[in-house]
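> The following comprises the amino acid sequence and a computationally predicted model.
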Amino acid sequence: MSGAAVQVTDLWKRFHRGERQDSLRDLIPSLLRRSRPGARSAATLRDDDFWAVREVQFGVEFGEALGIIGPNGAGKSTMLKLLTGILRPTRGEIRMRGRLASLIEVSAGFHQDLTGRENVYLQGAVMGMSRREVDRRLDSIIDFSGIETFIDTPVKRYSSGMNARLGFAIAVHLDPDVLVIDEVLSVGDMAFQEKCVQRMKAFKRDGVAIVFVSHNMQAIGDLCDRALVLKSSPRYLGEVGEAIARYLGLAGSGDETMGDGAAVLDVRLTDRQGRTVEAVAPHTPLRLEVVVRADVDIPDAIFSFIVHRATDSLCVYDGNFTTEELRLGPLRAGQTLTVRFDHVAHLARGQYAYKFVLHDPQLAKHRLSVLPVAGLRVDEMRTWSGVADLSVEASALG
Ligand SMILES: Nc1ncnc2c1ncn2[C@@H]1O[C@H](COP(=O)(O)OP(=O)(O)OP(=O)(O)O)[C@@H](O)[C@H]1O
């Protein structure tokens, strides 16, 4: 057995359509008891049961951050509820070493009629802290949350942002060995988001294992070493840039079909000397090489690529078929070839995803295949921000 902080083995969770068993009201008593509600016996299977989590497997080491990403409804929250014991697996096993703190559990355990301050004590008690220990951390928790003027207001009057602020502040003061954090970044403002990411990075340096769920690919790329993409086929668990690229492929626009005109057999994103790159400075000359197999006869094959910014899926480059980047004419089904795109990444700091595109303007469906192929991080901190470098030369003319 490895020394992993979290080990998830063959995890499955089944739900019954139209029936939810995890309202906050239902959860509070069980959280206080630290028991595990919500699962029917694995033996009873109804027609309209479905698997929200199927066959998930991963480990997280101490000092490592694992991202969990996927489209809406992919099972991310369910995964976290399983990790934190709010839900019980239908099948499979979760092993956790050390003290677990999670935002989902803290927020679900808030007592709505109690004030923020009272909830800090309540959560401390749930986590086995003495009143003294909570006393010692209270100022720091309130300070981190940034909601001191509302700390004596009942939590039921809090906005979702204030809830998340207090929840995160409590969770990170519980001296965790394992930290499980979900979408705090979608409700906090920019400054608070940055503060959360910085704090999670500090935890990582201190050897805490982190599981982080977010739709913010910038934050995932910034913090995580590896990521699990739920709902991709095949399921992907691995290097974070690659995971983001696959996720963005999943989240692609409606006119895209994945893999039904061609298959990507191999791909390399390198510098011009042929060294594989994952992170570069802006303006680095790059080369994308893709080995592709046509799966159908293609009368007029055109190849290009698309780059999306991971944070928000903004298309920063789409060499669509009108530019005819690489027009190769007819291809036979089964034919394999290697295509190369030399280009320069004039990109701002951030995380990007490359997709490979095969078009045929003669076919009704122009885009035969759009396949996520590589992730790229542009690292250097620049003074400008935005989507494009305008190579500004400023002069004072007197
Ligand atoms: N307690 C429950 N009872 C029944 N169905 C549920 C329950 N919780 C979640 N589901 C269903 O399970 C599926 C996965 O939901 P989950 O909330 O885990 O997805 P998610 O990846 O977190 O989505 P999002 O990105 O929208 O937050 C969805 O179809 C959802 O409707």
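Right, received. Where do you want to start?
> OK, contacts around residue 310?
217, 218, 220, 221, 244, 248, 350, 351, 352, 353, 375 (CB atoms under 8 Å, 6 or more residues apart in numbering). Glycine gets a C-beta too; all of them are placed from N, C-alpha and C.
> let's go with 6 Å and repeat that
Counting by CB atoms under 6 Å, 6 or more residues apart in numbering, residue 310 makes contact with 217, 221, 244, 351, 353.
> filter the residues you listed by proximity to the ligand?
When those are checked against the ligand using CB under 6 Å from any ligand atom, none falls in range.
> could I get those residues as CSV with pLDDT, neighbour count and secondary structure?
Shown next, in CSV, are those (pLDDT from 0 to 100; neighbours: other CB atoms under 10 Å; DSSP: H, G, I helix; E, B strand; the rest coil):
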residue, pLDDT, neighbour count, secondary structure
217, 79, 30, helix
221, 84, 24, helix
244, 82, 29, helix
351, 80, 26, strand
353, 84, 29, strand
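> what's the burial count for the closest residue to residue 116 other than its chain neighbours?
Among residues not flanking residue 116 along the chain, residue 151 sits closest, at 4.4 Å (CB to CB, 6 or more residues apart in numbering). Counted with other CB atoms under 10 Å, the neighbours of residue 151 add up to 17.
> Correct me if wrong: residue 151 contacts residue 114.
No. Using CB atoms under 6 Å, residue 151 makes no contact with residue 114, being 11.4 Å away.
> out of the contacts of residue 310, who's nearest residue 143?
For these, the closest approach to residue 143 (CB to CB) belongs to residue 221, at 28.6 Å.
> Can you pick out the most distant pair from the contacts of residue 310?
Longest span within the contacts of residue 310, CB to CB: 221 and 353, 9.7 Å.
> Spit out the residues that contact these two alike.
Here residue 221 and residue 353 share the contacting residues 244, 310, scored by CB under 6 Å, 6+ apart.
> that older thread, ok, now how distant is the residue nearest to residue 116 from the ligand?
Going from residue 151 to the ligand by CB to the nearest ligand atom, to the nearest Å gives 28 Å.
> quick one: pLDDT of that residue?
We have a pLDDT of 95 for residue 151.
> try residue 290
Looking at residue 290, the pLDDT reads 89.
> just to revisit the earlier point, how about the contacts made by the residue nearest to residue 116?
With CB under 6 Å, 6+ apart, residue 151 has these contacts: 116, 117, 142.
> wait, the last one sits on residue 149?
No. With contact taken as CB under 6 Å, residue 142 and residue 149 are classed as non-touching, separated by 10.1 Å.
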